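Colleague: Sequence isn't available, so here's the structure alone:
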């Protein structure tokens, strides 16, 4: 699940413009793959990946944790 947090953390992504473009493309490729279901939940979205996409989803979440500290990710 991905949720926006309202804590005292930087509220902006730290990626360069080129890295942001590449990261956005990676997310779009994953979401367009048909292997990830998105569901709106209070305060954010829930992403549920089929086994073939789970590794890619976790890799992207780990990368996002490095550059976007203002987003909370709960993995379960």
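Modeller: Nice, I can see it. Everything quoted here is computed from the prediction, not taken from an experiment. Numbers count the residues shown, from 1 in each chain.

Colleague: Which of the helices or strands spans the residue nearest the centre of the chain?
Modeller: When Cα atoms, centre = their mean is applied to the chain, the residue found nearest the centroid is residue 61 (4.9 Å). Element membership of residue 61, judged by DSSP states H and E, is helix 51-67.

Colleague: what's the distance between that helix and the middle of its chain?
Modeller: Distance of helix 51-67 from its chain centroid, counting by Cα atoms, centre = their mean, to the nearest Å, is 7 Å.

Colleague: Kindly report the same for stretch 19-38.
Modeller: Mean-position distance between stretch 19-38 and its chain equals 9 Å (Cα atoms, centre = their mean).

Colleague: heads up, I number from 156, so please use that
Modeller: Done: numbering now begins at 156, and the last item shifts to stretch 174-193.

Colleague: Just the residues contacting that stretch, thanks.
Modeller: For stretch 174-193, the external contacting residues (Cβ atoms under 8 Å, 6 or more residues apart in numbering) are 168, 170, 200-205, 207-208, 211-212, 215, 218-219, 222. C-beta here means a position set from N, CA and C on the backbone, and glycine is covered the same way.
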